[in-house]
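Visitor: test case, fold it:
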Amino acid sequence: MNKKYLLISILIIAALLRFWGLQNGDPRGDEVFYSFRAIGPLDFDNAPAQPTPLELMNPNTPWWTSLSFHDHPPLVFWIQYAFMGIFGENVFAFRLPSAILGVASVYFLYLIGSLLFSRRVGLLSAALLAVTVNNVFISRVGLQESYVIFFTLLAVYFFLKALREDKYLIWMGVALGLAFLTKYTTFILIPIFLTYLLFFKRDYFRNAKLWFGALAAILIFSPVIIYNIMLYKTLGHFDFQFSYVFGQDPEVWKSAPGKEEVGSLMDRARNFIPALISSNSWLFLAIFGFSIPFFRRNKFLLISTAFLIIWIILFIGPTVRFLTILAPFMALSIAFLFEILLNLPKKKIIFLGICAIFAFEIFYSINSQIIYYPTGSAPWIFSEKARYENYNWGYNELGKFLNEELKGKMPAVSFKMRHKFLSDIQEEFLTKARKQELQPYSAIIIYDQNTLNTPQLWFLDRLQIYHGWPVINTETYSALPNKNAFENKYFITPTDKVPLKKETKLTMVGYLFEQKLLKESIASQSILNKRGEEAFRIYRF
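Guide: Residues are numbered from 1 along each chain as shown. Next comes the predicted model:
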């Protein structure tokens, strides 16, 4: 087949594996914390243990607070904000950029493989990245890592081009700046590039284009720099990530999610291989293991992979999402091994074997990510870790029910918000709703306090924060003085088919409230997951 059409075929397969049923799988975990804030964009996610500068300086919010976010740089939020503005406030919209960048990453890996080795290695590495579950998974969720992988590969591509034509050094700086605006973990690119230049292109340190590229990166990253300078001047510490790096430990941030789970250095080293096994197919990992002896054939691939592994073990920890950055470099290594094998005798048998490997990877990814519930046993024919990140619990079905109930309506009564910036958001929505002549609807939504925090934030708190609907848990509702102000009351309680809060945080209040409704002969409506199991019960009274 013509190599041009082969590349197009690879990109089509990559797109199908990333776009098919993209909205399936319930949003939970960190992707909710990003997408919820991207709606505004608003640096607030209702986390009392980690208040943001908007809360700490309410009601007089300084101008610079809009330049970044208290725990991450702003680019992912800005992009998700734009996509939800176009496609609506939904799961598909905030995951769509990840899928697009996932396909684009496949293309740039083809370019990188072609520069490092040959066009055939480029095609093979792109094909591997297109179908392997690790990259398919991260391209189907609204996390930062799909952006990180894309901008990392973009920066690597321009760096490799710059080794041949120094004019690309400035474009490398632009790509680095965008990478830094995506996530601070991309700073690892600096020692990777500098180490390579120090050993193999030392004369580039005297090249003005390198320093213009560095200046471009700083200028693009400058919103975060200004934000941190102003934050330090005002509150005496940097943002959440930089304050952790510099050991500031601000009193206002009593919780450090993500940092608390990293563990000791020994824990990170011990968990590295098990985490790799749980987030990749066993076949992909086995072949990568055989390819490792050939790393010395390409110094850039060796330096990059070594730095990334050290970075993960020493600093950020081997969680599934962080390990996804290794997938492109693993794919390059395997593709180079395939190139060597294809030059041996019995090419047809080797070619058929490679085709069988690709077929298995496609099946493994479909079984792990695309079908509603995987068949067979993990890790042999699906990745349990990758599937769990966007499993079909039934939260999406709850969201569909609420969307239908509230469609074409606006709240007749809203709760007074504790922060001025939240009141301003609600008032802006209500003003638009009145202009659109939406029907006022007197309703309150009550939910069981045992509901998991992140789905609660997206499917319930979002309705209150951005749309003014009264949303309250059973504990607070019991103490509400004016219950009769609402003509329609909805009580939502989860079943044991969905994840709940940690056992130590579970209460009986929701159960007792449900028993009271049953004694009053109030019937419930079942919300079923895609297996037909009851995920939620909803009482309307």
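Visitor: hey, where'd the helices end up in the stretch 151-300 of the chain?
Guide: 168-182, 189-200, 208-235, 240-245, 265-279, 282-291, 299-311 (DSSP state H, counting those that start in this stretch).
Visitor: give the buried residues for the shortest one.
Guide: Applying a neighbour-count criterion of 16 or more other CB atoms under 10 Å, the buried positions in helix 240-245 are 240-244. No exception for glycine: its C-beta is placed from N, CA and C like everyone else's.
Visitor: closest to Thr234 among the residues you listed?
Guide: Ser243 (13.4 Å; CB to CB).
Visitor: so what's that closest one up against?
Guide: Ser243 makes contact with 237, 249-250, 253, according to CB atoms under 8 Å, 6 or more residues apart in numbering.
Visitor: give me the subset of these lying in strands.
Guide: Among the contacts of Ser243, none falls in strands (DSSP state E).
Visitor: buried only: go through the residues you listed for me.
Guide: 237, 250, 253.
Visitor: for the stretch 301-450 of the chain, which segments are assigned as strands?
Guide: Counting by DSSP state E, counting those that start in this stretch, the stretch 301-450 of the chain has strands at residues 409-411, 439-441, 443-447.
Visitor: shouldn't Arg18 be within a helix?
Guide: Yes. Counting by DSSP: H, G, I helix; E, B strand; the rest coil, Arg18 is found in a helix.
Visitor: any idea how far Lys502 is from it?
Guide: 33 Å (CB to CB, to the nearest Å).
Visitor: what's the answer for Leu197, then?
Guide: For Leu197, the distance to Lys502 - CB to CB - is 48 Å.
Visitor: can you check Leu512 too?
Guide: 20 Å.
Visitor: and Phe117, by the same measure?
Guide: Per CB to CB, Phe117 is found 48 Å from Lys502.
Visitor: those two: which is more packed in?
Guide: The residue with more neighbours, out of Phe117 and Lys502, is Phe117; 19 against 9, by other CB atoms under 10 Å.
Visitor: I'd like the strands of the stretch 301-450 of the chain as TSV, with mean neighbour count, distance to Glu361 and mean pLDDT appended.
Guide: Below are the strands of the stretch 301-450 of the chain laid out as TSV (neighbours: other CB atoms under 10 Å; distance: least, CB to CB, whole Å; pLDDT from 0 to 100):
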stretch	mean neighbour count	distance to Glu361	mean pLDDT
strand 409-411	20	47	96
strand 439-441	13	49	96
strand 443-447	22	41	97
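Visitor: so for Ala523, which of these sits nearest?
Guide: Per CB to CB, nearest to Ala523 of these: strand 443-447, 16.2 Å.
Visitor: and the closest one, what does it pack against?
Guide: For strand 443-447, the packing partners by 3 or more CB pairs under 8 Å, 6 or more residues apart in numbering; DSSP states H and E come out as strand 471-473, helix 474-478, strand 488-494.
Visitor: which residue packs closest to the residue most central in space within the chain, ignoring adjacent ones?
Guide: When the chain is reduced to its mean C-alpha position, the closest residue under CA atoms, centre = their mean turns out to be Leu143, at 0.6 Å. Spatial nearest neighbour of Leu143, excluding adjacent residues (CB to CB, 6 or more residues apart in numbering): Glu31 at 5.2 Å.
Visitor: number of residues surrounding the one you found?
Guide: Around Glu31 there are 23 residues (other CB under 10 Å).
Visitor: enumerate every residue touching it.
Guide: Counting by CB under 8 Å, 6+ apart, Glu31 touches 94-95, 141-143.
Visitor: so for it, what's the pLDDT?
Guide: pLDDT for Glu31: 95.
Visitor: same check, this time on Arg140
Guide: In this prediction Arg140 is given a pLDDT of 97.
Visitor: what does Asp45 give?
Guide: Looking at Asp45, its pLDDT stands at 89.
Visitor: for Tyr147, see how far away it is.
Guide: Separation of Asp45 from Tyr147 (CB to CB): 19 Å.
Visitor: tell me which of these two has more neighbours.
Guide: Neighbours per residue, other CB under 10 Å: of Asp45 and Tyr147, the larger number sits with Tyr147, 26 against 20.
Visitor: who touches that one in this structure?
Guide: Contacts of Tyr147 (CB under 8 Å, 6+ apart): 75-76, 79, 97-98, 101, 182-183.
Visitor: can you do 7 Å?
Guide: 75-76, 101, 182 (CB atoms under 7 Å, 6 or more residues apart in numbering).
Visitor: show me the shaky parts of the stretch 151-300 of the chain.
Guide: 255-263 (pLDDT under 70).
Visitor: switch the cut-off to 80
Guide: For the stretch 151-300 of the chain, applying pLDDT under 80 flags the ranges 254-264.
Visitor: still on that earlier bit, and the contacts of Tyr147 as JSON lines, adding secondary structure?
Guide: Output for these, formatted as JSON lines (three-state DSSP):
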{"residue": "Leu75", "secondary structure": "helix"}
{"residue": "Val76", "secondary structure": "helix"}
{"residue": "Leu101", "secondary structure": "helix"}
{"residue": "Thr182", "secondary structure": "helix"}
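Visitor: closest to Arg531 among the residues you listed?
Guide: Arg531 lies nearest to Leu101 out of the contacts of Tyr147, by CB to CB, at 31.2 Å.
Visitor: what's the local residue count around that closest one?
Guide: Neighbour count of Leu101, defined by other CB under 10 Å: 25.
Visitor: isn't it up against Ser146?
Guide: Yes. Contact criterion CB atoms under 7 Å: Leu101 and Ser146 qualify, at 5.0 Å.
Visitor: next, Glu251: phi, psi?
Guide: The phi/psi pair for Glu251 (degrees, to the nearest 10) reads phi -60, psi -30.
Visitor: that older thread, do you know which of the strands of the stretch 301-450 of the chain lies nearest Ala286?
Guide: Comparing the strands of the stretch 301-450 of the chain by their distance to Ala286 (CB to CB), the top pick is strand 443-447, with 45.8 Å.
Visitor: dump the buried residues of helix 240-245 to CSV, plus distance to Arg297.
Guide: CSV is the format used below for the buried residues of helix 240-245 (distance: CB to CB, whole Å):
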residue, distance to Arg297
Phe240, 41
Gln241, 36
Phe242, 38
Ser243, 42
Tyr244, 38
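Visitor: so what's Tyr441 up against?
Guide: Shown in contact with Tyr441 (CB under 7 Å, 6+ apart): 409-412.
Visitor: put together TSV for the residues you listed, with distance to Ile446 on each row.
Guide: TSV is the format used below for those (distance: CB to CB, whole Å):
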residue	distance to Ile446
Lys409	18
Met410	19
Pro411	15
Ala412	17
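Visitor: domain ranges for this structure?
Guide: Domain assignment for the chain by automatic domain parsing gives 26-389, 395-540.
Visitor: out of those domains, deepest packed?
Guide: For those, the largest average neighbour count (mean count of other CB atoms under 10 Å) is found in domain 26-389, namely a mean of 19.
Visitor: first to last residue in it, what's the distance?
Guide: 8 Å (CA to CA, to the nearest Å).
Visitor: what do you get for stretch 510-527?
Guide: With CA to CA as the measure, stretch 510-527 spans 17 Å from end to end.
Visitor: before we move on, what about stretch 270-288?
Guide: End residues of stretch 270-288 are separated by 19 Å (CA to CA).
Visitor: what sits up against it?
Guide: By CB under 7 Å, 6+ apart, stretch 270-288 touches 132-134, 313, 318-320, 323, 330, 333-334, 337, 357, 360-361, 364, 379-380, 383-386.
Visitor: try it again at 6 Å.
Guide: 132-134, 313, 318, 320, 323, 330, 334, 360, 364, 379, 385-386 (CB atoms under 6 Å, 6 or more residues apart in numbering).
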